[in-house]
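Asks: here is a sequence together with a model predicted from it:
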2 protein chains.
Amino acid sequence: MKAILIIGDGMADRPIKQLNNKTPLEAAKKPALNKIAEKGICGLIDPIAPGITPGSDVATLSLLGYDATKVYAGRGALEALGSGIEVLPGDVAFRCNFGTVDKNFVVLDRRAGRIDTESATKLAKALQKTAEKTSTAKVLFKNTVQHRAILRLRGKGLSSMVSSNDPAKTGQKALPVNTLNKTPEAEKTARIVNELVKLFHETLKNHPVNKEREKKGLPPANIVLCRGAGTLPDVVPLTLRFGIRPAVVAAMPLVRGVCKVAGIRVLPVKGATGTYETDFMAKARATVKALQSYDFVLTHVKATDVASHDGQFKRKIEMIEKLDGMVDYITKNVDNEETLIAVTADHTTTCKTGNHEADPVPIILAGPGVRTDDVREFGERTCAKGGLHRIRGMDLMPIMLNLIGKSTKFGA
Amino acid sequence: MKAILIIGDGMADRPIKQLNNKTPLEAAKKPALNKIAEKGICGLIDPIAPGITPGSDVATLSLLGYDATKVYAGRGALEALGSGIEVLPGDVAFRCNFGTVDKNFVVLDRRAGRIDTESATKLAKALQKTAEKTSTAKVLFKNTVQHRAILRLRGKGLSSMVSSNDPAKTGQKALPVNTLNKTPEAEKTARIVNELVKLFHETLKNHPVNKEREKKGLPPANIVLCRGAGTLPDVVPLTLRFGIRPAVVAAMPLVRGVCKVAGIRVLPVKGATGTYETDFMAKARATVKALQSYDFVLTHVKATDVASHDGQFKRKIEMIEKLDGMVDYITKNVDNEETLIAVTADHTTTCKTGNHEADPVPIILAGPGVRTDDVREFGERTCAKGGLHRIRGMDLMPIMLNLIGKSTKFGA
């Protein structure tokens, strides 16, 4: 028996007035998801615990069976790893955005109009040169997808206990990076980041890429917003813990990073981009193929979350319908007598606020041996009536491993 | 108010194709169980936690209100106690099977054809004599029911941190007993057990009982498979914890041992054997009678689990129907205005794999004051819709004690 875990990032939502008080998932046409809901057992998952709003990093750690409240050590290192950037013990890494500020450092756009990756690459190269002029720490600055980038600091006496310069809202001034504890390490790290942010701004504001963007009426990428300072988490890889061979199909650096930490083989998939344009069918084919060599495959879709953060509920419905097509292909091309399929979200992101929220997410588990229930439709409120009831994110992996005959007994 | 807790060992199951995808419990005729389901409140119990596959020992500890993840100290000592063998602090006891190996120590039958108790007694006596020749530890070897036996080691510097020689599968060689940590105590214990296993094999292979079995075409009991090394767990007896007078009606040594540790009076019941032939009605009468002198009675039935391990779903249905008869007698002969009745399983054992599984078990709670729900049938999937939702094994005892007015308040 093998298992597939499909995660729609931020796929769960709240009722939306314009959708007749349905959620995007409830409003979407999703025949494949409904079919496996009917064949399987459904329920709700609190990614961490009731009322706790999770980031994608802790939620994914949790869905992979880890106690995120114990192992989580910040987002930055995970995202760096997922972007192919080496992170060693002692390094501190930040998830960064290119953003847009006015003359007074008021943030006008936290994503610089979701700047294209090509332009961002040019800017990042310039910033790396700027960074190499500073000598207090060894700096690596590298962009990933669109406005996203990584800042990695290496050197003695650094700490991840520093805050972000991102005000998290437009219309507010970029913040100074502050220490989160009173150690000299945190003070040193905050000082380095604050210096870099200033130097980066100077480089960016005069860069030809931004001059060009301004001409076109596009927001210039003239500030680097750093957040999620993190170090390597100390976790036992899934293969050691559970004796499985795991692989992942995912475009997002953060998810890839979590998977690397968990010892999950990251498979390259052409066309998987983490954007609205991601190739859902390429992911579907990659998942089916991966199942030949691996016995646990995680397939992650980011586009649902992007639409939610953008407040685009119609777009979200469209992405869910594409995810449904992906699920359709997978279920039609694997041996359903030997495969357990789970579909869930890592967290709720509602189009209403554009934010992650603490509501639990729906889950389907379908495959041989599963105690089916009456749920015939995949949705937040239909799954609430399912036979799985309400479990926690970190319960999912043990349940799945038991269903594929890979769990060990406690006691005798 | 008094309480009865009826546990069908391994009674919960998964859907079985040959039963039209019903579980044995769903397929069984069980008017008495359905009647109390209708009168009571139903739900699901994770014996330990979602996704955790429990042994009967930890599951029973948990259903008695203990946190098994904290107090469990191995199966052997519990099984020894339950077999009437004294276990003192410092002793290490093993649950053993008589098994059958070929010349190359490949295990052919892990239960020596479920050898009859009379023959096993003769073999055990011979082994005790063999054991008395070894001087490194004081050894007690005693058979219990059928192929089951206990090995108890007494002496200074012993440890339960040793592995089993049971490969857990037929067709594989018996294993050496290894240390599970690097202490001299574990090394000493492993050495003693490995020596004993060899000496026992020499005694067994030439024993007249086995010569006779071979003549009859029965598998000879020519090896002792030792597992579940254990010491006494440190638990507070139920009487001290909850101020109740508890008793148990059970045949299985393991369950009796758990009960002894918990300070539950083990009642002798003629005809209760832990096999398919157990006298369900004798248990029913013993339960009703016990309720006159005790205010909490645990009634345990092993036969449901035996059928599951044997993969005999029809047999399992038959055992569940007999359990239903037992419940019928009990409900008709106790004062239902003064008695709370709970029925559950200690864990899921599915006839499909013959193994314990992690799926939750159904529970009924019926009696005065209970908030009834719509469930009218006792089963894994019907109880999933019950008013109790999904609780943990160690929650049950506090809930039951509160319903019979025996709980204390936390806070003021």
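Replies: The structure has been received and is ready for your questions. Not measured: the values here are computed from a predicted model.

Asks: check which residues of the helix or strand in which A:D324 is found are buried.
Replies: Using DSSP states H and E, A:D324 maps to helix A:313-333. Counting neighbours by 16 or more other Cβ atoms under 10 Å in any protein chain shown, one finds that the buried residues in helix A:313-333 are A:313, A:315-324, A:326-331. The C-beta positions use only the backbone N, C-alpha and C, and glycine is treated the same way.

Asks: ok now that helix, how far from the chain's centre?
Replies: 18 Å (Cα atoms, centre = their mean, to the nearest Å).

Asks: need the residues that contact the helix or strand hosting A:L254.
Replies: Take DSSP H and E as the rule and A:L254 turns out to sit in helix A:253-261. Applying Cβ atoms under 8 Å, 6 or more residues apart in numbering or on different chains, the contact partners of helix A:253-261 are A:9, A:56-57, A:60-61, A:64, A:75, A:77-83, A:95, A:144-145, A:148, A:150, A:232-233, A:235, A:246, A:248, A:250, A:266, A:298, A:300, A:302.

Asks: for the helix holding A:D324, output the C-alpha coordinates as PDB.
Replies: C-alpha atoms of helix A:313-333 as PDB (Å, rounded to 0.1, in the frame of the first residue of the first chain):
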ATOM      1  CA  PHE A 313     -12.700  34.300  -4.700                       C
ATOM      2  CA  LYS A 314     -13.600  33.600  -8.400                       C
ATOM      3  CA  ARG A 315      -9.900  32.900  -9.100                       C
ATOM      4  CA  LYS A 316      -9.800  30.700  -6.000                       C
ATOM      5  CA  ILE A 317     -12.800  28.700  -7.400                       C
ATOM      6  CA  GLU A 318     -11.000  28.400 -10.700                       C
ATOM      7  CA  MET A 319      -7.900  27.100  -9.000                       C
ATOM      8  CA  ILE A 320      -9.900  24.600  -6.900                       C
ATOM      9  CA  GLU A 321     -11.500  23.300 -10.100                       C
ATOM     10  CA  LYS A 322      -8.100  22.800 -11.600                       C
ATOM     11  CA  LEU A 323      -7.000  21.000  -8.500                       C
ATOM     12  CA  ASP A 324     -10.000  18.800  -9.000                       C
ATOM     13  CA  GLY A 325      -8.800  18.000 -12.500                       C
ATOM     14  CA  MET A 326      -5.500  17.100 -11.000                       C
ATOM     15  CA  VAL A 327      -7.200  14.800  -8.400                       C
ATOM     16  CA  ASP A 328      -9.300  13.300 -11.300                       C
ATOM     17  CA  TYR A 329      -6.200  12.400 -13.200                       C
ATOM     18  CA  ILE A 330      -4.400  10.900 -10.200                       C
ATOM     19  CA  THR A 331      -7.400   8.800  -9.100                       C
ATOM     20  CA  LYS A 332      -7.800   7.400 -12.600                       C
ATOM     21  CA  ASN A 333      -4.100   6.600 -13.000                       C
END
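
Asks: so what's the closest residue to A:P54 other than its chain neighbours up against?
Replies: What sits nearest to A:P54 in space, not counting adjacent residues and going by Cβ to Cβ, 6 or more residues apart in numbering or on different chains, is A:P47, at 4.4 Å. If you count contacts by Cβ under 8 Å, 6+ apart, A:P47 has them with A:P54, A:V58, A:A59, A:S62, A:L63, A:D346, A:H347, A:P360, A:V361, A:R392, A:G393.

Asks: check A:V334 too.
Replies: A:K2, A:I4, A:V288, A:L291, A:I341.

Asks: what's the answer for A:R95, then?
Replies: With Cβ under 8 Å, 6+ apart, A:R95 has these contacts: A:R75, A:G76, A:E79, A:R148, A:I150, A:C226, A:R227, A:G228, A:L254.

Asks: max pairwise distance over those: which two?
Replies: Maximum pairwise distance in the contacts of A:R95, criterion Cβ to Cβ, is 15.0 Å, between A:C226 and A:L254.
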